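In: I would like the atomic coordinates for the input below:
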Amino acid sequence: MNIHIKKIVLALLLIITGLPDVSSSIDAMNEKELSGRNIYNKKRVTFIDQPAPDLRFKDQNGKTISLNSLKGKVVFINLWATWCPPCIHEMPSINKLRETFKDNQDLVFLMVDMDGKIEKAKAFMKRKKFDLPVHILDSEIPAELFTGSIPTTIIVDKHNNVVGRQIGGADYSSQEVIDLIDALLNEE
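Out: Numbers count the residues shown, from 1 in each chain. The predicted structure follows:
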């Protein structure tokens with residue numbers, strides 16, 4: 001991924017999480033992680049530029065989906081649970097983001113219920129009237145991607161590289177996020 005796209009990704013992730021002074025944070029990009037910055041409720045934005053591990057997920061029908069099989073698509077992975085207030089709070093914005101890109105086949109949403117209770121998660125989505133596909137894990141997630149805190153959102157580019165991780169809730173319906181997804185979708 002070229003350096004221009006990296007800076008756009010980092011800046012937009014920082015903007016959506018409400019960090020002040022984004023320009024000085026961009027200069028810290030070579031540190032890869034902005035862990036010294038506290039965001040509301042100790043959220044951390046991590047800029048990552050590494051190949052994605054071959055994570056596996058099961059969909060609502062029991063079909064296994066491999067992250068490697070999605071190469072060529074931008075993948076939005078949200079790790080959540082039905083009992084998690086920050087997860088529930090950010091869900092309408094994720095639903096709105098998905099609605100914005102509903103006709104784009106190159107963007108995949110994986111809403112991963114971390115309790116592994118797919119029927120309960122499906123019922124939650126139906127009750128809340130969210131059009132978000134529910135999945136459960138079918139493999140381990142490396143600690144550098146998932147520290148155990150939910151919600152955690154991981155964004156993977158078309159080249160199957162993890163480009164960012166957000167720990168904690170965020171507003172994914174903002175114009176900044178839409179622009180980020182557009183940039184990743186338009187990347188060669």
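In: switch to C-alpha atoms for all contacts and neighbour counts from now on
Out: Noted.
In: have a look at the protein and report its longest helix.
Out: Longest among the helix segments of the chain by residue count, using DSSP state H, is helix 85-100.
In: show the average pLDDT along that helix.
Out: For helix 85-100, mean pLDDT rounds to 97.
In: can you list contacts of it?
Out: The contact list for helix 85-100, computed with Cα atoms under 8 Å, 6 or more residues apart in numbering, reads 80-82, 109, 130-132, 150-151, 168-173, 178.
In: now with 6 Å, please.
Out: Applying Cα atoms under 6 Å, 6 or more residues apart in numbering, the external contacts of helix 85-100 come out as 80, 151, 169, 170, 171, 172, 173.
In: neighbours around residue 112, how many?
Out: Per other Cα atoms under 10 Å, the neighbour tally for residue 112 reads 26.
In: that one and residue 135 touch, don't they?
Out: Yes. Because the distance of 4.6 Å satisfies Cα atoms under 6 Å, residue 112 is recorded as touching residue 135.
In: assumed residue 115 was part of a strand.
Out: No. With DSSP: H, G, I helix; E, B strand; the rest coil as the criterion, residue 115 is coil rather than part of a strand.
In: run a quick neighbour tally on it.
Out: 15.
In: so what does it have for phi and psi?
Out: phi -80, psi -10 (degrees, to the nearest 10).
In: quick one: pLDDT of it?
Out: Predicted confidence (pLDDT) at residue 115: the value is 95.
In: how about the nearest residue to it, chain neighbours excluded?
Out: residue 81 (6.3 Å; Cα to Cα, 6 or more residues apart in numbering).
In: please report how far that neighbour lies from residue 186.
Out: 31 Å (Cα to Cα, to the nearest Å).
In: residue 122 - how many residues pack around it?
Out: The criterion is other Cα under 10 Å. On that basis, residue 122 has 19 neighbouring residues.
In: try residue 102
Out: 12.
In: before we move on, back to that, wait, doesn't the residue nearest to residue 115 sit right on residue 113?
Out: Yes. Between residue 81 and residue 113 there is a contact under Cα under 6 Å: 5.2 Å.
In: from residue 52, how far off is residue 159?
Out: Taking Cα to Cα, one finds residue 159 at 9 Å from residue 52.
In: of these two, who's got more company?
Out: More neighbours surround residue 52 than the other of residue 159 and residue 52, with 21 against 18 (other Cα under 10 Å).
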